[in-house]
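Enquirer: prediction below, plus the sequence it came from.
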Amino acid sequence: MASTIFIQTSFPSKSVNKSLNTHFIPSFKLPVSLSFKPRTTLPKRFSVRAGLIEPDGGKLVDLHVTEPERELKKQEAALLPRVKLTRIDVQWVHVLSEGWASPLTGFMRESEFLQTLHFNSFRLDDGSFVNMSVPIVLAIDDSQKERIGESNSVALVDSDDNPVAILTDIEIYKHPKEERIARTWGTTAPGLPYVEETIANAGNWLIGGDLEVIEPIKYHDGLDRFRLSPVQLRQEFERRNADAVFAFQLRNPVHNGHALLMTDTRRRLLDMGYKNPILLLHPLGGYTKADDVPLSWRMKQHEKVLEDGVLDPETTVVSIFPSPMHYAGPTEVQWHAKARINAGANFYIVGRDPAGMGHPVEKRDLYDADHGKKVLSMAPGLERLNILPFRVAAYDKTQGKMAFFDPSRAQDFLFISGTKMRTLAKNKENPPDGFMCAGGWKVLVEYYDSLTPSDNGRIPEAVPA
């Protein structure tokens, strides 16, 4: 894990526009004779190209002010109307400031919001499109709107009133909550975690504009060394001489089925002709619902996975993706994929029901389990990203380890669901040998043990990561 820690560097600025190109890799036509299923035309031959994929818009945006400007910007912020940010708002400032949403330069104005909501993309000045499926917006209430008045800029402050950023050339417009929820989640059913946390009680107005972030966002939780920006990740991939980067998004502990998938993906890329494919193991580090394993425990577990040799530290970069989690299924998975393009990934692993959750009211999944990978193969603005749908892994009782499911001998396989895994860990029981590395499982048991009732009989409250 130490190999992922290196010095903070300066960021490039502003974005330019480039045209896009495409190919899509369907599931498991193994190399060398891979077949491709693009959206319109079939390339005659797959060619291996060295170098990292260009970010959306051609260049990463950097929304941080320079260090010499910081004090002046703090003084400027002190004279402006203030908007207090929630914890999740600060996470979005972090996302925007480092260029994860490039070429977006701040909280969305109405035109960007509507294009995102209705098209899952927006058009650049040169006529090309970039994917943008999740609104990145800042809500304010009537009293805040009144205080802003005719000002063209506002100061964004944290919960302690410390200036975080200045939002310039602002635009204030109505916050269509029901429309936003319906188009992002495909339902307005009660109980959607992100909606209840950030939208239901939010203000009736949205404020957009260009961000000037005064200082890099830090959390001081012992994990900042893992929060590598897209620029830092690209530098690390170049340092390792990566000629392909494949990203794996996760918000759960890593078991050996995940590891099998990731190592098999690397093997497939080597068979395709790449010389040094690098895995970006990229756990989501923003808001998650309270019953998910918190980030700090997940990172401990991931560290054990590398220490125990389940994944190779020489070909794996572990970093934290700062975005909050929506649980918006096929809509949100586009955002997860798009952000990894900006980090330098040209392959994206997608599995069953990505970014999904159970229906908040009915006893079923909220989304069709296959729709995420299908949507990614067709999504506007993601044409350059190679989608790698993964095979189903399960515990093979005949081999005593995780293996790819073989339907011809289905009776030999045991599916250990997330619910079953949590139950075993809570009861301090061991899963079958070969399901998860011993060190990683110990961390999971320790986490659930930390949630047992205290002396006063109350269970400690789980805090979203």
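Expert: Now that the structure is in, tell me what you want to look at.
Enquirer: can you tell me the SS state at residue 151?
Expert: Three-state assignment for residue 151 (DSSP: H, G, I helix; E, B strand; the rest coil): coil.
Enquirer: against residue 166, how distant is it?
Expert: Relative to residue 166, residue 151 is positioned 11 Å away (Cβ to Cβ, to the nearest Å). C-beta: built from backbone N, CA, C; applies to glycine.
Enquirer: any common contacting residues for the two?
Expert: Shared contacts of residue 151 and residue 166 (Cβ atoms under 8 Å, 6 or more residues apart in numbering): residue 80.
Enquirer: the longest strand anywhere in the chain packs against which elements?
Expert: Criterion DSSP state E: the longest strand present in the chain is strand 163-174. Judged by 3 or more Cβ pairs under 8 Å, 6 or more residues apart in numbering; DSSP states H and E, the packing partners of strand 163-174 are helix 70-78, helix 87-98, helix 110-119, helix 142-148, strand 154-157, strand 205-213.
Enquirer: average pLDDT for it?
Expert: Regarding strand 163-174, the rounded mean pLDDT is 98.
Enquirer: okay, buried residues for the helix or strand just after that strand please.
Expert: Downstream of strand 163-174, the first helix or strand assigned by DSSP states H and E is helix 177-185. For helix 177-185, burial by neighbour count (16 or more other Cβ atoms under 10 Å) applies to 177, 180, 181, 183, 184, 185.
Enquirer: repeat for stretch 337-349
Expert: Per 16+ other Cβ under 10 Å, stretch 337-349 contains these buried residues: 337-349.
Enquirer: now swap in stretch 373-385 and tell me
Expert: Neighbour-count burial for stretch 373-385 [16+ other Cβ under 10 Å]: 373, 375, 376, 377, 379, 380, 381, 382, 383, 384, 385.
Enquirer: again, but for stretch 106-118
Expert: Applying 16+ other Cβ under 10 Å to stretch 106-118 flags 106, 107, 108, 109, 112, 113, 114, 115, 116, 117 as buried.
Enquirer: now for those, which pair is the farthest apart?
Expert: Spatially, the most separated pair among the buried residues of stretch 106-118 is 106 and 117, at 17.2 Å (Cβ to Cβ).
Enquirer: as a whole number, average confidence for stretch 355-372?
Expert: Stretch 355-372 comes out at a mean pLDDT of 96.
Enquirer: which parts of the stretch 151-300 of the chain are helices?
Expert: Counting by DSSP state H, counting those that start in this stretch, the stretch 151-300 of the chain has helices at residues 177-185, 193-194, 230-239, 256-272, 295-307.
Enquirer: filter the buried residues of stretch 337-349 down to the ones in helices?
Expert: Secondary structure from DSSP state H places 337, 338, 339, 340, 341, 342 of the buried residues of stretch 337-349 in helices.
Enquirer: partner residues bridging residue 349?
Expert: When assigned by DSSP bridges, residue 349 has beta-bridge partners residue 388.
Enquirer: sorry, back to before: identify whichever of the helices of the stretch 151-300 of the chain lies nearest to residue 329.
Expert: For the helices of the stretch 151-300 of the chain, proximity to residue 329 was assessed by Cβ to Cβ; helix 177-185 is nearest, at 7.7 Å.
Enquirer: and the average pLDDT for the closest one is what?
Expert: pLDDT averaged over helix 177-185 gives 98.
Enquirer: equivalent analysis for stretch 319-338, please.
Expert: Here the average pLDDT along stretch 319-338 is 98.
Enquirer: endpoints of that stretch, how far apart?
Expert: End-to-end span of stretch 319-338 (Cα to Cα, to the nearest Å): 17 Å.
Enquirer: got it, and stretch 307-326?
Expert: End to end - Cα to Cα - stretch 307-326 spans 31 Å.
Enquirer: and stretch 209-221, by the same measure?
Expert: 30 Å.
Enquirer: equivalent analysis for stretch 392-406, please.
Expert: OK, stretch 392-406 end separation, Cα to Cα: 9 Å.
Enquirer: from the chain's centroid, how far away is that stretch?
Expert: Computed by Cα atoms, centre = their mean, to the nearest Å, the chain-centroid distance of stretch 392-406 equals 28 Å.
Enquirer: contacts for it, please.
Expert: Contacts of stretch 392-406 (Cβ under 8 Å, 6+ apart): 255-261, 264, 352, 391, 409, 412-416, 432-435.
Enquirer: distance between the helix or strand bottoming out on mean pLDDT in the chain and the chain's centre?
Expert: Using mean pLDDT, DSSP states H and E, helix 418-426 stands out as the lowest-scoring helix or strand of the chain, at a mean of 89. Its chain's C-alpha centre and that of helix 418-426 lie 24 Å apart, by Cα atoms, centre = their mean.
Enquirer: could you export it as CSV, CA atoms only?
Expert: C-alpha atoms of helix 418-426 as CSV (Å, rounded to 0.1, in the frame of the first residue of the first chain):
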residue,chain,number,x,y,z
GLY,A,418,-23.4,-10.0,1.2
THR,A,419,-26.1,-10.7,3.8
LYS,A,420,-24.6,-14.1,4.5
MET,A,421,-21.1,-12.6,4.7
ARG,A,422,-22.3,-10.0,7.2
THR,A,423,-24.1,-12.6,9.3
LEU,A,424,-21.0,-14.8,9.5
ALA,A,425,-18.8,-11.8,10.5
LYS,A,426,-21.3,-10.6,13.1
